[in-house]
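1. Okay, here's the prediction I keep looking at, along with the sequence it came from:
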Amino acid sequence: MKHFLKETDFTASELPALFELAREFKAKRGSHAQPLAGQTWAMIFSKSSTRTRVSFEVGIHELGGNPLFLNKNDIQLGRGETIADTARVLSRFIHGLIVRTYDHAEVEQLAALGSVPVINALTDLLHPCQIFADMFTLAERWSGNNGGDMVHSLRGRKIAFVGDRGCNVANSWILGANLFGMKIALAGPPGFDAAPEFDALLAREGYGGAYEFTTDAYAAVKDADVVYTDVWVSMGKEEETAERIRVMSPFAVTPELFAAAKPDAYFMHCLPAHAGQEVTQDVLDNPRSIIFDQAENRLHMQKAILATLAQAVRR
Ligand code: CP
Ligand code: NVA
């Protein structure tokens, strides 16, 4: 059974076919095959979502399947039914499961105990669907959109992640950069390093120490092909809002900081953005800001992930 809980659940050799499928789904939207016909994929969400929820619901529908959205509080999981029982019961009804939650161990348990593919739609630790869509967005630009060459076009490029350098999107970028052969430098205030759980995961994947952390945003963006940021207060961290804004303010992506990257560098943000905090409105509106392409490509890349995982579903 193939799951997508972290970037490295796809091997480097599987990436060209995945990107080719996403490219085909994007090019033939409305007239492609429907590999999820007759299937129901459930989506258990414990956190808010605009892009992830809508792109999965639309994507499953466009692949011929039925999306079943379940707010955690509407099902017995929200009243204490165990993840183990939830996984086993849902596996009797559905063909795949998409989960957005806090504790990454929950998606691992659902994958281990159920008998259907599980996709991580964001945990406190990782956001792999975002990073695969981001990689596709960059590869479209750098490869001229040529299928297998798309993945190759990412190799050797440098991304600078500035701001909350220990958040899920930053962690996923570290894993993704290593998987795709990119360089990554992260800049943010001291005290917001990756969780020990993430360093343990990196070491298990054979990538220990494969990233650069600095408290100097200008050093991180030097020679960067991409400047990336995310909110300073991720979902679940709201109690730390005042402190986070205070210490992260020097790490806002301003026009000056963006100009210190390569002259043709792209600006990226997973969204939602807080203009005036982690990034200025000028940078969000810059012609080299590709934030809405990133958002659109969530749909095409997730359809490719769904179609690939659905091959393993037998009924
Ligand atoms: N980028 C992203 O995952 O957005 P949502 O929280 O709106 O799904
Ligand atoms: N780091 C953010 C990403 C939102 C898509 C959060 O977890 O809230």
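-> That came through fine. Ligands and ions are numbered 1, 2, ... in the order given.
2. Flag every residue of the stretch 101-250 of the chain that's near ligand 2.
-> Counting by Cβ under 6 Å from any ligand atom, the residues of the stretch 101-250 of the chain close to ligand 2 are 122, 167-169, 230-231, 234-235. Where you see a C-beta, it was placed from the backbone N, CA and C, and this is true even at glycine.
3. any idea which of those residues is the one closest to ligand 1?
-> Distances from these to ligand 1 were compared by Cβ to the nearest ligand atom; the smallest belongs to L122, at 5.8 Å.
4. The closest one sits in which helix or strand?
-> L122 is part of no helix or strand when elements are defined by DSSP states H and E.
5. burial count for it?
-> Taking other Cβ atoms under 10 Å as the neighbour definition, L122 ends up with a count of 27.
6. How about it, nearest residue that isn't a chain neighbour?
-> Leaving out its chain neighbours, the residue that sits closest to L122 by Cβ to Cβ, 6 or more residues apart in numbering is R100, at 4.8 Å.
7. Please spell out which residues along stretch 188-198 are buried.
-> The neighbour-count check on stretch 188-198 (16 or more other Cβ atoms under 10 Å) flags 188-189, 192, 194, 198 as buried.
8. List just the nearest of those residues to D85.
-> For D85, the nearest member of these is F198. The distance, counting by Cβ to Cβ, is 28.7 Å.
9. Which residues are in contact with the closest one?
-> Residues counted as contacts of F198 (Cβ atoms under 8 Å, 6 or more residues apart in numbering) are 125, 166, 171, 174.
10. Mind doing that once more with 7 Å?
-> When contacts are counted by Cβ atoms under 7 Å, 6 or more residues apart in numbering, F198 touches 125, 171.
11. Check the offset of whichever helix or strand it is part of from the chain's centre.
-> In this structure, F198 sits in helix 196-204 according to DSSP H and E. Going by Cα atoms, centre = their mean, to the nearest Å, the spacing between the C-alpha centre of helix 196-204 and its chain's C-alpha centre is 18 Å.
12. what's the answer for stretch 234-253, then?
-> Counting by Cα atoms, centre = their mean, stretch 234-253 is centred 20 Å from the centre of its parent chain.
13. Pull it out as CSV, backbone CA atoms only.
-> Listed in CSV are the C-alpha atoms of stretch 234-253, where the atom choice follows Å, rounded to 0.1, in the frame of the first residue of the first chain:
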residue,chain,number,x,y,z
SER,A,234,0.9,28.5,12.1
MET,A,235,-2.4,26.9,13.0
GLY,A,236,-2.1,25.7,16.6
LYS,A,237,0.5,28.3,17.6
GLU,A,238,-2.0,31.2,18.2
GLU,A,239,-1.1,31.6,21.9
GLU,A,240,2.5,32.6,20.8
THR,A,241,1.3,35.3,18.4
ALA,A,242,2.7,38.4,20.1
GLU,A,243,6.1,36.8,20.7
ARG,A,244,6.4,35.4,17.3
ILE,A,245,5.6,38.7,15.6
ARG,A,246,8.1,40.4,17.8
VAL,A,247,11.0,38.1,17.1
MET,A,248,10.3,37.4,13.4
SER,A,249,9.7,41.0,12.3
PRO,A,250,13.3,41.4,11.2
PHE,A,251,12.7,38.5,8.8
ALA,A,252,9.9,40.0,6.7
VAL,A,253,10.4,39.6,3.0
